[in-house]
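K.L.:
whatever this is, show me its structure:
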Amino acid sequence: MSDSSPFLFLMFHCCLSGWLMPCVRVAGAVLASLDRSVDPCHDFYSFACGGWIRNNPLPEGKSRRSPFSELWENNLLLMKQLLENTTVKELSQAEEKAQRYYHACMNETKIESLGAQPLQELIKQAGGWALTGQWDEDNFQEVLRWVSANYRTSPFFTVFVSTDAKNSNSNVIQIDQSSLGLPSRDYYLKKSENQKYLTAYLDFLVELGVLLGGTQEGSLHMMLEVLELETALANITVPQDERRDEELIYHKMEASDLNALAPAIDWMPYLKDVFAPVELNASEPVVVYAKEFLQEVSILIDKTNKSLLNNYMIMKVVRKMVSVLDRRFQDAEQRFLEVMYGTKKSCTERWKVCMSDTDSALGFALGAMFVKSAFAEDNKAIAEHMVLEIKAAFEEGLQYVSWMDAETKKAAKEKADAIYNMVGYPQFIMNATNLDKVFNDFEVVSDLYFQNVMQYYNFSARVTADQLRKEPNRNQWSMTPQTVNAYYNPTKNEMVLPAGILQAPFYSRAWPKALNFGGIGVVMGHELTHAFDDQGREYDKEGNLRLWWKNSSVEAFKKQTQCMVEQYSNYSINQEPLNGKHTLGENIADNGGLKAAYKAYLNWISKNGEEATLPALGMTNHQLFFVGFAQVWCMVRTPESSHEGVITDPHSPSRFRVIGTVSNLPEFSKHFGCKADAPMNPRHKCDLW
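P.N.:
Modelled structure (predicted):
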């Protein structure tokens, strides 16, 4: 028999099944991404992704590249074509607003002619700042209210409306610690290893000051003080890995109690401004997630010079508005981002900037256009059925969880049963009347981009205020339909899979089931498992934060998860160790998701029989399942971007999302014939769900 006979045999299988061209194309794509020189039992990520990494160098101006980002770029391009080539007569009012918003952003001539003027006028409305002279006005409370209510900035803490974790039938005011100018507190506090980032950040702030009318010397003096204050804020910010137990950080009180907790803030006038026109009084319930931080920030405000407080608050507004101003401001930001994320040269096309911003402001209007153009309705039904298969596999696996008591196991199954699945898009976007109603209060004018952005901030503030005290809306999504992602919401006990991710390389109806279960199936399993990670498990089937596990199972769970904390903490990237505690929730979801999806694939085979294998790969479909899973996570990124990911991202780096999970699953080693103690087949495996 000739060397080509296995290929011919496999090709014959494909022909019999009637999908010759799709299977040849997908086999070619899988093959091109592999690196056959690597032993899959030694380094499965390099085996599955080596070819992809070699064939996909970072483009100029990009700090990372992956199948996720490439699919998102494709979605952006489609939405650009839809906005640019659809006549007004064909659009609903909301879709027309999206078109107008996008075109105003694209009108660079108008933006350049206005220069810094729109932002300078805003600063004047706030009473100015110390950029061009002495400042001694005692207007801290007024400016704090102004920047928070009108421009959605959160200088010292963040205030928002969301579902009450202990009463999931109601939305409530919530208060938490705020974000900083740099991605994490570590950038400020670990100065020696982050000096180049701090220097670039200071240079950026100084340049902004000069562009807004300050002298180089005056701007440097002011921004040094601002950076010092922000470092003090970083110092009292609680690290994310210490905030994972939501039972411990949830504190419900009345609005009047905030005065004793953080007396530096005039709370009632502040809350009334932020949530206007809703009427509030001192007995309004408030949930605080950063009690100690608020106490510390109040002390910091009291002892800080009032001029510096004002400068910092205005700087937060300036930072937020940089991207909507003229080219000088955008260039200054790009120079900062080049250092921050290690890009060689940033050259993001204007249409991509405008498309992304339109998606942020009017994403559901764009979503209606995207779904009508690119989402086959039967994909929704197929995906919904697949979710049920993954859920059944997960629940089947529950009976083999040896560390959990029978009563808690029964309640866990009930919670899994109760998970509400949202696939594709929220229904309201497909009805023009309902969609228009959502954006009815959002005024969009032609050619005035800065004004439209301001209108959006005001609009989103009113939408937020309107949700207060109301029952959370099942049809309200936190992601737009075109988003290449998915999520699990513990307070609604729901899993959301947007249309944007229901595409290759995650899913295609023309692909073998092995690839679909390894791609979108693992994503589904990942989101489902979030209901039972170290945070999601604290919420019951109704979405309420309460103790519903027996103490013995809680202790056993913590013991089991410690294995994963240690496993992932032993990984490092560019000599920088990972924080297994910080990434625990995502690592649990990755491991549980792979296990549930593989079990669901086995169940599919038992009902339907083995499917045809792909040509030229020389792989079983079980091997293909794992390769398909790994190739979703192929990625190239700069060292600076990797550094930022290690510090801030609750997900492990892509390499470890792959090798960490497969090395815990015995079935992987079985199908790849990995010997005992091979790197991908350690004797000690972490097993949770």
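K.L.:
got the contact list for Phe329?
P.N.:
Contacts for Phe329 were tallied using C-beta atoms under 8 Å, 6 or more residues apart in numbering; they are 116, 208, 211, 322-323. All C-beta spots, glycine's among them, are computed from the backbone N, C-alpha and C.
K.L.:
apply 7 Å and report the result again.
P.N.:
Phe329 makes contact with 211, 322 under the criterion C-beta atoms under 7 Å, 6 or more residues apart in numbering.
K.L.:
next one: the helix or strand encompassing it to chain centre, how far?
P.N.:
Assigned by DSSP states H and E, Phe329 falls within helix 327-341. In terms of C-alpha atoms, centre = their mean, to the nearest Å, the centre of helix 327-341 is set 22 Å apart from its chain centre.
K.L.:
pLDDT weak spots in the protein?
P.N.:
1-22, 346-347 (pLDDT under 70).
K.L.:
centroid-nearest residue for it?
P.N.:
Asn485 (7.8 Å; C-alpha atoms, centre = their mean).
K.L.:
is it fair to say that residue lies in a strand?
P.N.:
No - Asn485 sits outside any strand when classified using DSSP: H, G, I helix; E, B strand; the rest coil, being coil.
K.L.:
and it, how far from Ala418?
P.N.:
23 Å (C-beta to C-beta, to the nearest Å).
K.L.:
cool, Glu230 as well?
P.N.:
Separation of Glu230 from Ala418 (C-beta to C-beta): 43 Å.
K.L.:
where along the stretch 151-300 of the chain do the helices fall?
P.N.:
Ranges of helices within the stretch 151-300 of the chain are 186-189, 191-211, 216-236, 246-249, 258-261, 267-274, 291-303, based on DSSP state H, counting those that start in this stretch.
K.L.:
again, but for the stretch 1-150 of the chain
P.N.:
5-17, 20-33, 44-55, 67-85, 93-106, 108-114, 117-125, 140-151.
K.L.:
what distance separates the shortest one from the centre of its chain?
P.N.:
For helix 108-114, the distance from its own C-alpha centre to the chain's C-alpha centre is 32 Å (C-alpha atoms, centre = their mean).
K.L.:
just the fifth one next, same as before
P.N.:
Using C-alpha atoms, centre = their mean, we find the averaged C-alpha position of helix 93-106 to lie 25 Å away from the chain's own average C-alpha position.
K.L.:
mind giving me the domain ranges of this structure?
P.N.:
Domain ranges of the chain: 117-324, 377-426+477-658, per automatic domain parsing.
K.L.:
just name the most buried of these.
P.N.:
domain 377-426+477-658 (a mean of 20; mean count of other C-beta atoms under 10 Å).
K.L.:
quick revisit: would a markdown table of the helices of the stretch 1-150 of the chain with distance to Asn551 be doable?
P.N.:
A markdown table is the format used below for the helices of the stretch 1-150 of the chain (distance: least, C-beta to C-beta, whole Å):
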| stretch | distance to Asn551 |
| --- | --- |
| helix 5-17 | 53 |
| helix 20-33 | 47 |
| helix 44-55 | 38 |
| helix 67-85 | 40 |
| helix 93-106 | 51 |
| helix 108-114 | 60 |
| helix 117-125 | 54 |
| helix 140-151 | 42 |
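K.L.:
and those helices: which comes nearest Asp677?
P.N.:
Closest approach to Asp677 among the helices of the stretch 1-150 of the chain (C-beta to C-beta): helix 44-55, 15.4 Å.
K.L.:
rewinding a little: between the helix holding Phe329 and helix 117-125, how many degrees?
P.N.:
Interaxial angle of helix 327-341 relative to helix 117-125 (axes from the mean of the first three to the mean of the last three C-alpha atoms, to 10 degrees): 90 degrees.
K.L.:
my guess is Val496 is in a helix, correct?
P.N.:
No - counting by three-state DSSP, Val496 falls outside a helix, being strand.
K.L.:
check contacts around it.
P.N.:
422, 477, 479, 486-487.
K.L.:
could I get the full set of helices for the stretch 301-450 of the chain?
P.N.:
306-321, 327-341, 350-374, 377-398, 406-418, 432-438, 449-467.
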